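A.B. asks: can't give you the sequence, but here's the structure:
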C-alpha cells in the first residue's frame, strides 16, 4: 500500500516538505480518543501501521481555537518513538484541503470539525419522520462551504410507498442541483452499490445524518462484518438503534476511506453570508427585485420575496428557512465579534501586566545592584 491509498496527494506532499519536521513521517488521524489519537502511516516496507499518538505542546498552543487542533481525517507530521518508553508525537498538522464542520451545539461561537480532508459527504435520511427539507438546506450549505461533494441517500425505502420515496428524493434534488440523490434500502441491501461508485482508492467519504436512519447498517455492509452493532428497527417509529459513539476513519478492503459519525441531532450553522447566498440563489434573485436595497423581506413594502410567496412562486417553507438561516448566521457573527473583542482585550491586559512585571523586576534589580546607585 502507498500513501495515496490513505488520501495523500501532491499538495499534501508540498505542505509537508515546507515543515521543519526532520525525522517525521506523514500520518493520517483515524480516531480521537480525547487525550490520544489513533494514526495510520506507511512504513518503509509498504505496510500500513497504526499507532497511538500524542499531540505536542507546540501544536496545542499554536492552535487559535479547538477547530484548529488535529481532528479525524487530518494529515500530521508524526515523530515515531525510538523505544517503548517514548511517545509517538504529532509535531505539526498539515493544512486541510476540505473541512466539513458545524457550529458547536448550544450558545457557543466555536466551530466543531466533523471530518477533515473528505472528498464526499453522504447525508442519510428517509422519506418518513426524519425527512426535513429545512434540515437538508442546512446540510447543503455546510457541505458547499466545506468544498466536498454532496450525496444524499433516501434510505429505508422498504418502509414507505414508492411514491413517497420518489417525492422526497425530488424535493431534495430541487434544493441542490449539485447533489447526487439516490433511494436506498440498507435493510434489503439495495442501493449500496451507489456508495461504491464514490469509494475509490484515496477517496475519503463521510456519512452523516440523524440517529436511526441506517448509517451503521450501511457501514456493516460496506465492511462485510458487524463493525457497528445495531438493534432491529422499531416497527412503530421505523427507527433503528444507532450505536456509533465516536468518529472513526476506516480503510475499506476494496479501496476508499470511510469516516463514520455519531448521529447528529442539531445542524448548527457554521458558514458565512456568501455561502448562504449561494445556497439560496433563487431567493437572492428575487431579493434583487425588492423595492428597497435594505429590505428585511418580512413586512417591508415592495418586497419581491414576500410577493413570490403569496403568488406561489416561492415555497413558504424555503422562505422561512432562508430567513432563519440568515438570522442564525448573523447571531453567530455577532458572537464571534464579541469573542474577538474579549480576546483582544485579554491579550492587551496580559501584555500590560507582563510589561509592568518586567518594569518592577528591573526596578528591583536596580535597587539591589550597587552599580545602579
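C.D. replies: Structure's in. What do you need? As the structure is a prediction and not an experimental result, all values here were calculated from the model. Residues are numbered from 1 along each chain as shown.

A.B. asks: what about the strands in the chain?
C.D. replies: For the chain, applying DSSP state E gives strands covering 25-32, 37-42, 48-55, 75-79, 88-93, 99-103, 111-116, 120-126, 149-155, 180-183, 204-209, 248-251, 257-260.

A.B. asks: From residue 187, how far off is residue 158?
C.D. replies: Going from residue 158 to residue 187 by C-beta to C-beta, to the nearest Å gives 6 Å. For the C-beta atoms, the positions are set from N, CA and C on the backbone; glycine is no exception.

A.B. asks: between those two, which one's more packed in?
C.D. replies: residue 187 (17 against 14; other C-beta atoms under 10 Å).

A.B. asks: wait, that one sits on residue 214?
C.D. replies: Yes - using C-beta atoms under 8 Å, residue 187 makes contact with residue 214 at a distance of 7.3 Å.

A.B. asks: Mind listing the shared neighbours of the two?
C.D. replies: By C-beta atoms under 8 Å, 6 or more residues apart in numbering, residue 187 and residue 214 have these common neighbours: residue 156.

A.B. asks: that older thread, can I get the strands of the chain in TSV with mean pLDDT?
C.D. replies: Shown next, in TSV, are the strands of the chain (pLDDT from 0 to 100):
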stretch	mean pLDDT
strand 25-32	94
strand 37-42	93
strand 48-55	92
strand 75-79	94
strand 88-93	93
strand 99-103	81
strand 111-116	85
strand 120-126	92
strand 149-155	95
strand 180-183	95
strand 204-209	90
strand 248-251	89
strand 257-260	89
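
A.B. asks: Export those strands as CSV, with columns for distance to residue 10 and mean neighbour count.
C.D. replies: As requested, the strands of the chain are exported to CSV (distance: least, C-beta to C-beta, whole Å; neighbours: other C-beta atoms under 10 Å):
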stretch, distance to residue 10, mean neighbour count
strand 25-32, 12, 22
strand 37-42, 16, 22
strand 48-55, 20, 16
strand 75-79, 13, 25
strand 88-93, 18, 21
strand 99-103, 19, 22
strand 111-116, 18, 22
strand 120-126, 20, 25
strand 149-155, 20, 25
strand 180-183, 27, 19
strand 204-209, 16, 25
strand 248-251, 21, 20
strand 257-260, 18, 24
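
A.B. asks: and of those strands, who's closest to residue 345?
C.D. replies: strand 111-116 (21.7 Å; C-beta to C-beta).

A.B. asks: Give me the contact list for the closest one.
C.D. replies: Applying C-beta under 8 Å, 6+ apart, the set of residues contacting strand 111-116 is 65-67, 71-74, 96, 98-105, 121, 204, 206, 208, 247, 259, 261, 264, 270.

A.B. asks: now do stretch 281-297
C.D. replies: By C-beta under 8 Å, 6+ apart, stretch 281-297 touches 277, 300-306, 308, 313-314, 318-319, 322-323.

A.B. asks: picking that back up, can you put the strands of the chain in TSV and add distance to residue 170?
C.D. replies: Shown next, in TSV, are the strands of the chain (distance: least, C-beta to C-beta, whole Å):
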stretch	distance to residue 170
strand 25-32	37
strand 37-42	40
strand 48-55	42
strand 75-79	39
strand 88-93	41
strand 99-103	25
strand 111-116	27
strand 120-126	14
strand 149-155	10
strand 180-183	8
strand 204-209	19
strand 248-251	32
strand 257-260	28
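
A.B. asks: which stretch among those strands comes nearest residue 334?
C.D. replies: strand 99-103 (12.9 Å).

A.B. asks: ok, that closest one: who's next to it in the sheet?
C.D. replies: strand 111-116 (antiparallel) (DSSP bridges).

A.B. asks: Which of the contacts of stretch 281-297 fall in helices?
C.D. replies: 277, 304-306, 308, 318-319, 322-323 (DSSP state H).

A.B. asks: and these, which two are the farthest apart?
C.D. replies: Pairwise distances across those (C-beta to C-beta) peak at 18.1 Å, for the pair 277 and 306.
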